[in-house]
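**Q** Got a sequence here, can you build the structure:
(2 chains)
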Amino acid sequence: MEVLHERVRLQWAFRALVLAAVIAGVAFGATFVVPIPRAVPVVVGLFTLVAVLGIAHAFALYRDWRFDLEADALYLERGVVTRVETAVPYVRVQHVDTQRNPLDRLLGLSTVVVYTAGSRGADVSVPGLTVERARTLRNELRELAVDAEPEDAV
Amino acid sequence: MRRLHPLTAVSRAISLGIAAGFVATTLLPVVVAQLDASITLPAFLGVVAALLGAGYGYLSYRRFTYELTDETFDLGKGVLARTEREIPLGRVQNVDVQQSLFQQLFDVAVVRIETAGGGSTEATLSYVAVSEADRLQRGIRDRRAALAGDDDAATAAGATTVETGGEQAVDAGGEQAVDAGPESAVDATGPTDATATGSTDATATDGPDAGAPPDATTGVDDGPGGVRTPPAPDVGRGDEREVERLVELKFTDLLVLAVTNFKIGSLVFLFFGAPFFADVATDVLLAAAGPFGGPESLDTSQMTPNDYFVLGGVAGPLVAVLGYVVSALVAVQEYYGFELGRRGNDLVYERGLLQRYNGSIPTDKIQTLTVTETAPMRWLGYAALGVETAGYSGGGGEGGSQAAIPLASRARVVSLADELFGYEDVALERPPKRARTRYAFRFTIAVLAGVALAYGVSMLFPSFTLWYVPAVALLGVPAAAHLKWKHRGWALCDDHVVVRSGFWRRRTHVVPYYRLQTVVSEATVFQRRRNLASLIADTASSATIGAASATAYDLDDGTVHDLQRELRDRLQAHLHDSPAE
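**A** Sure thing, here's the model as predicted:
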C-alpha cells in the first residue's frame, strides 16, 4: 500500500483555514444583523475551533489514506469519519486525468482522477502525489486499463 | 435527409413568434420611455419581433435534419450554432416516444434517443409523424440487431431475425440474419421483400404470442423510395404480430397500483395547490381537529400553543391522505393502458392516459433490475419491476430507471426477472442482529430529540403544555427497528448479487457481476462502533440524484471485506457473460 506525499497535509490544512475563515466571516457578518454580546471573541473562537478541527482532520486523513495498484483493480482506503474503501477494476476505467490546481502547483503536488461509467463517476481521485508519481501512476493505470479484458460497451 | 413533421414549423413559428412579440411589447416600453419616443414604436417593434421569432421558429425547423443510416443516427440542428451529431446505433440505450393529448390530435409524437453518459437526451425529435416514430423505433432496433449479428451471430441474430419480414428488410438488406439459427424462417431476400416474407415470420416467433395475427399488410408503410402510406391507427399497433406480450395492466391492477403507491412528490403539489382551496381545507381541518380539542376557528389571536399542536397533529394525517389521493391520480395518468411486450431483444412498452408514452429498452443494455414493493403491495402480493439502463431517461422515468412493470403479481415479476436475468428469488441473508440494536438506538435518539425540541418550545411558550406527547413514538421504536432490519439483506447468486433495503418501499436490486463498476465499502464512525459496514455495488448509470446505487447496509465489517474481494473476483470471472459481446 502506498501513502500520499506528506505535503498534502499542508494543502488540506490550508483548505481548512480557508473554510474556517469563510465560516468566521459569515458569522461576523451575521452579528451585524443579530447583535450578540462579545461578538469578536465569539467569532475568533469559532474560527479557532473550525481551524483546529480542520487541521486535525487533515492530519488524520493523511494518516488513513492508502492506495494500491492490485492485480485487478485500483484500491483506495480513506476517510476519517466515514471510512471508504473503493476498488476500481481496471476494465472499468474510462479515462485517467492528472489535475493540478494553483495550490497543487505551489506545493509541487498533483492529483490523479480516475473516471468510470459508474454513477459515482469521477468520485475516484488520488490527491497529494508528486508530479512525477502522478505521471507514472496515470501511465500505469492507462496501461493496466488497456491490457484489461475488452469490456462490454455501455 | 429527413425533416421533422411540418406541424413542427407551424408550432415553433407560433410559439416563438408569440414569445418574442410578448417580450418585445412588455420590455420595450421601459426602454422607449427613457428615449421619449412615441407610443406607436413599441407596437411596431412588437410586431417586428413576433415576425422575427416566427421566422426563427420556421428556420429552426428547416435547419433540423436527421437520417437513419445503417450504422448511425445522424442529426443536424441549429440556426446560428450548428450541431452535427452522429450516434452509433450500437450505443443507443433506449428509444422513447411520447404523445401529449395535443399531439395525439395531430397524430404526431416526440421521439427521444438516449445513449449512455451525458445529462441530457442525445436526440430529441419534436415532432415526427406517428408512423415515422414507429419506423425509427423499429429501424434502430433492427439495425442494432443486425450490427450485433455481424459481430456475434449466435447471441443476437437468433432472436432478432424474427422481425425482418416487415418493412425493415428493405433497409437491412442481405447482411442481416444470414447465419441465424435453424429456427429462423427468414430469408433476407433483399430490398423489395416487404410482402414476400411477411407471412413467414409467424413461425419464427418464440413462445405463445396471444393476439398476434400474421397480417403481412399492416405496418408495411415504407416502400423502397421512402414513400409512406397513411399512418397506422395507433403507436406500436402496426407490428403487433411481432410482439410477444409479457404484461398487461388490467383495470383492477391499475386500481391496486393507484392505492398502493404513495409518492412524496405529491405533497409538493399539495403545498402549491393549497392556496386554491384554502376555505375547504380550513373547514375540513377544523372539523377533524374538533374531537381532539382543537380550536373553534383559525384565528391566530385566540389560538393557544396547544391548539397549534393539535392542529399540526391532525393536519399531518390529513395531508397524507390527500397526498395519497394525488399519488393515485398520478399513477392512473402514468400507467393507464400499460402494456409490456418483447420484440426480439427489446422490451417495448406503452402507457399513459392523457400523455401517451411508448418506448423500447434493449435488454442487452440493462444494467440492473430492481424489484420494488411498497408495504401495501407486499401485503396484497404484488410487486413492481424496474430496469435500469445507462441512458438518460425520457418519458418521465426517474434517472435511467424505468418501470418495466409498474405492478404485477409477485410471482409474475419474479418469473419475468428470471427470464430476463436468471434471477432466483432466493432467501437473503440478513444483517447481524447488532444492526437492529443500532436502528433501535437511532430511532430512540430521534424521538428523544423531538421531545427535547417540544420541551424547548414549551419553555418559550409557557402555555404549551403538551410537550411530552411525542414520546408516545417510543412505543413504536422496537417494531420499527425490527422491520427495518428484517427488510434488509443480501445474497450472492450464480450470476448476480442481490441486495435489499427499505420497509415502506422495499427495493431489491439485482446486479449481474459483469455489470459491476466500482465496488465500495463504507463505514461511518457509528457503524464502526459496532463493527458494521455497508457495501455498494455500483453500476453504470446516468449520474442523477435519487437513483441510489445497490447498497447492502450494515453488514458485519469482516463480511463486507470478504464480499468486496469476492465481487471483484466474480466480475473478472464473468466479464465474458455480457450480452453485448
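
**Q** is it true that residue A:125 lies in a strand?
**A** Yes: the assignment for residue A:125, made by DSSP: H, G, I helix; E, B strand; the rest coil, places it in a strand.

**Q** Quick check: what element follows the helix or strand of chain A with the lowest mean pLDDT along the chain?
**A** Taking mean pLDDT, DSSP states H and E as the measure, the helices and strands of chain A show their lowest mean at strand A:93-99, namely a mean of 87. Note on strand A:93-99: by DSSP states H and E, the next helix or strand toward the C-terminus is helix A:102-107.

**Q** Just the residues contacting that next one, thanks.
**A** Surrounding helix A:102-107, the residues in contact under the criterion C-beta atoms under 8 Å, 6 or more residues apart in numbering or on different chains are A:7, A:8, A:10, A:11, A:14, A:15, A:110, A:111. To be clear about C-beta, it is placed using only N, CA and C from the backbone, and glycine gets the same treatment.

**Q** Keep only those of those residues that are in strands.
**A** Applying DSSP state E to these, the entries found in strands are A:110, A:111.

**Q** now the strands: where do they sit in the stretch 251-400 of chain B?
**A** Under the criterion DSSP state E, counting those that start in this stretch, the stretch 251-400 of chain B carries strands at the ranges B:339-343, B:346-351, B:356-362, B:368-374, B:382-388.

**Q** Who are the packing partners of the second one?
**A** Applying 3 or more C-beta pairs under 8 Å, 6 or more residues apart in numbering or on different chains; DSSP states H and E, one finds that strand B:346-351 contacts strand B:339-343, strand B:356-362, strand B:401-409.

**Q** quick one: low-confidence ranges for the chain?
**A** All of this is about chain A. By pLDDT under 70, the weakly predicted segments of chain A are A:119-122, A:149-154.

**Q** Actually, chain B is the one I wanted.
**A** Counting by pLDDT under 70, chain B has low-confidence residues at B:28-40, B:117-120, B:149-241, B:274, B:293, B:298, B:300, B:391-403, B:541-548, B:577-581.

**Q** for chain A, which residue is closest to the average position?
**A** residue A:127 (5.2 Å; C-alpha atoms, centre = their mean).

**Q** Just give the number of residues close to the closest residue to that one other than its chain neighbours.
**A** Leaving aside its chain neighbours, residue A:127 sits nearest to residue A:111 (4.6 Å; criterion: C-beta to C-beta, 6 or more residues apart in numbering or on different chains). By the criterion of other C-beta atoms under 10 Å in any protein chain shown, residue A:111 has 18 neighbours.

**Q** what residues are up against residue A:111?
**A** Neighbouring residues of residue A:111 by C-beta under 8 Å, 6+ apart: A:98, A:99, A:100, A:101, A:104, A:125, A:126, A:127, A:128, A:129, A:134.

**Q** Would you mind giving the dihedral angles phi and psi of the fourth one?
**A** Reported as degrees, to the nearest 10, the phi and psi values for residue A:101 are phi -90, psi 170.

**Q** List the contacts of stretch B:366-373.
**A** Contacts of stretch B:366-373 with the rest of the structure, by C-beta under 8 Å, 6+ apart, involve B:382-390, B:400-401, B:410, B:413-414, B:417, B:420-421, B:423, B:505-512, B:515, B:539-541, B:550.

**Q** how about that stretch: buried residues?
**A** Using 16 or more other C-beta atoms under 10 Å in any protein chain shown as the burial criterion, the residues of stretch B:366-373 that qualify are B:366, B:367, B:368, B:369, B:370, B:371, B:372, B:373.

**Q** Report the distance from it to the chain centre.
**A** When C-alpha coordinates are averaged (C-alpha atoms, centre = their mean, to the nearest Å), stretch B:366-373 and its chain have centres 12 Å apart.

**Q** Tell me the one of the buried residues of stretch B:366-373 nearest chain A?
**A** For the buried residues of stretch B:366-373, the closest approach to chain A (C-beta to the nearest C-beta) belongs to residue B:367, at 8.2 Å.

**Q** for the residue nearest to that closest one when sequence neighbours are not counted, helix, strand, or coil?
**A** In this structure, residue B:367 finds its nearest non-sequential neighbour in residue B:539, 4.4 Å apart by C-beta to C-beta, 6+ apart. For residue B:539, the assignment made with three-state DSSP gives strand.

**Q** which ones are touching residue B:539?
**A** Contact analysis of residue B:539 by C-beta under 8 Å, 6+ apart lists A:118, A:119, B:367, B:368, B:388, B:511, B:515, B:516, B:517, B:549, B:550.

**Q** got a list of what the first one touches?
**A** Think residue A:118. With C-beta under 8 Å, 6+ apart as the criterion, the residues that contact residue A:118 are A:92, B:517, B:518, B:538, B:539, B:540, B:541, B:549.

**Q** Am I right that the third one sits in a strand?
**A** If I follow you right, that is residue B:518. Yes: when three-state DSSP is applied, residue B:518 is found to be in a strand.

**Q** okay, now it: neighbour count?
**A** Burial measure for residue B:518: 28 neighbouring residues, criterion other C-beta under 10 Å.

**Q** What residues does the stretch 201-350 of chain B have near chain A?
**A** Among all residues of the stretch 201-350 of chain B, none is adjacent to chain A (criterion: C-beta under 8 Å from any C-beta of the partner chain).

**Q** Show me where the stretch 201-350 of chain B has its helices.
**A** Taking DSSP state H, counting those that start in this stretch as the test, the helices found in the stretch 201-350 of chain B are B:251-260, B:265-273, B:278-289, B:305-335.

**Q** Adding mean neighbour count and distance to residue B:101, write the ones you listed out as CSV.
**A** As requested, the helices of the stretch 201-350 of chain B are exported to CSV (neighbours: other C-beta atoms under 10 Å in any protein chain shown; distance: least, C-beta to C-beta, whole Å):
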stretch, mean neighbour count, distance to residue B:101
helix B:251-260, 17, 19
helix B:265-273, 14, 20
helix B:278-289, 14, 28
helix B:305-335, 17, 11
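
**Q** Which of these sits closest to residue B:568?
**A** Within the helices of the stretch 201-350 of chain B, the stretch nearest residue B:568 is helix B:265-273; the backing value is 37.4 Å (C-beta to C-beta).

**Q** which residues sit against the closest one?
**A** Helix B:265-273 is contacted by residues B:319, B:322, B:323, B:324, B:326, B:327, B:330 when judged by C-beta under 8 Å, 6+ apart.

**Q** How is chain A partitioned into domains?
**A** The record's domain split for chain A, according to automatic domain parsing, is A:8-63, A:67-147.

**Q** what's the most buried one of the ones you listed?
**A** Each of the domains of chain A was assessed for mean neighbour count using mean count of other C-beta atoms under 10 Å in any protein chain shown. The highest is domain A:67-147, with a mean of 18.
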